[in-house]
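> Next comes the sequence, and after it the predicted model I'd like to discuss.
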Amino acid sequence: MSDLEQYAKEHQVPIMMDGGLKFLLEKLKENQCLSFLELGTAIARTSIEVAKLDSRMKVVTIERNPDMIVQAKKNIEESGLSDQITLIEGDALEVDVDGMFDCIFIDAAKAQYRRFFDKYCIHLNENGIIVSDNMNFHGLVEHPELSRNRNTRQLVRKIHDYHTYLAELSNYETAFYDYGDGVAITRRK
Ligand SMILES: C[S@@+](CC[C@H](N)C(=O)[O-])C[C@H]1O[C@@H](n2cnc3c(N)ncnc32)[C@H](O)[C@@H]1O
């Protein structure tokens with residue numbers, strides 16, 4: 001287990017599951033992505049792994065939680081990849097981002113996925129991919145009856161609605177995978 005994984009486990013920071021991360025990195029290589037926008041940095045574990053893929057890779061990542069920002073900055077600095085990774089501090093629904101990206105990775109507040117998609121899809125390069133994590137939400141999307149409380153039930157419903165929203169978009173196509181916690185890959189038709 002890497003130091004960042006160990007830290008995430010000890011401090012209960014929700015980072016992308018290993019299966020999902022491996023799948024994401026493979027998709028980035030397969031699609032020859034060299035620019036990556038991430039919504040929800042946490043401790044910058046995925047940003048760092050993505051930047052490591054290729055020295056030409058440019059990563060922009062957005063985080064709003066001050067504690068995460070401190071840790072992410074430290075980890076990016078220590079990774080020696082500061083030239084490739086730009087951390088934007090603030091709410092992804094409020095900040096302005098410049099430029100176009102080969103991959104946009106949605107991994108921030110689950111209830112807001114549709115709003116993230118609608119805001120950021122204009123930043124997607126023509127052949128780019130939008131990757132959404134936690135589409136299965138620990139199996140609860142398929143089995144909502146197992147949700148223990150009202151908040152979780154609402155969240156699960158939101159993810160389910162986002163699933164339907166992606167599947168029904170007329171100008172995009174989406175494939176859903178069971179890697180990690182469930183990953184959706186969306187591209188223009
Ligand atoms: C699941 S974690 C991100 C994990 C990270 N992408 C990784 O793979 O290691 C979600 C993060 O999104 C952040 N977040 C949630 N809503 C956000 C928003 N609207 N804007 C920016 N960050 C947000 C949370 O503070 C949290 O650190």
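That came in fine, so what should we check first? Residues are numbered from 1 along each chain as shown.
> I'd say Glu89 and Glu63 touch.
Yes - taking C-beta atoms under 8 Å as the contact criterion, Glu89 and Glu63 are neighbours in contact, 6.6 Å apart. The C-beta positions use only the backbone N, C-alpha and C, and glycine is treated the same way.
> which neighbours do these two share?
Ile69 (C-beta atoms under 8 Å, 6 or more residues apart in numbering).
> Comparing the two, which residue is more hemmed in?
Set Glu89 next to Glu63 and count neighbours by other C-beta atoms under 10 Å: Glu63 wins out with 26 against 15.
> Nearest residue to that one in space, please, no chain neighbours.
Thr41 (3.7 Å; C-beta to C-beta, 6 or more residues apart in numbering).
> mind listing what that neighbour touches?
Ser47, Thr61, Ile62, Glu63, Met68, Ile69, Ala72, Leu87.
> and the last one, how many residues sit next to it?
If you count neighbours by other C-beta under 10 Å, Leu87 ends up with 19.
> Run through the bridge partners of it.
With DSSP bridges as the criterion, Leu87 is bridged to Thr61.
> How about the residues of the chain by the ligand?
For the chain, the residues in contact with the ligand (C-beta under 6 Å from any ligand atom) are 14-16, 38, 40, 42, 45-46, 62-65, 68, 91-93, 107-109, 112.
> Please indicate which of these are buried?
15-16, 38, 40, 42, 45-46, 62-64, 68, 92, 107-109, 112 (16 or more other C-beta atoms under 10 Å).
> Need the max-distance pair from the residues you listed.
Taking C-beta to C-beta, the two most distant members of those are Arg45 and Gln112; they sit 21.2 Å apart.
> returning to what we had before: among the buried ones among the residues of the chain next to the ligand, which are located in strands?
Glu38, Ile62, Glu63 (DSSP state E).
> longest helix in the chain, by residue count?
helix 150-168 (DSSP state H).
> And the next helix or strand past it?
Using DSSP states H and E, the helix or strand that follows helix 150-168 towards the C-terminus is strand 172-177.
> Looking at this structure, which residue is nearest the ligand?
Nearest to the ligand in the chain, going by C-beta to the nearest ligand atom, is Gly40, at a distance of 2.7 Å.
> contacting residues for that residue?
Listed by C-beta under 8 Å, 6+ apart, the contact set of Gly40 reads Ile62, Glu63, Ala92, Ile106, Asp107, Ala108, Ala109.
> can you check Cys121 too?
Shown in contact with Cys121 (C-beta under 8 Å, 6+ apart): Ile104, Ile130, Tyr172.
> Let's see that with 7 Å instead.
By C-beta atoms under 7 Å, 6 or more residues apart in numbering, Cys121 lies in contact with Ile130.
> can I assume it sits in a helix?
Yes - counting by DSSP: H, G, I helix; E, B strand; the rest coil, Cys121 is part of a helix.
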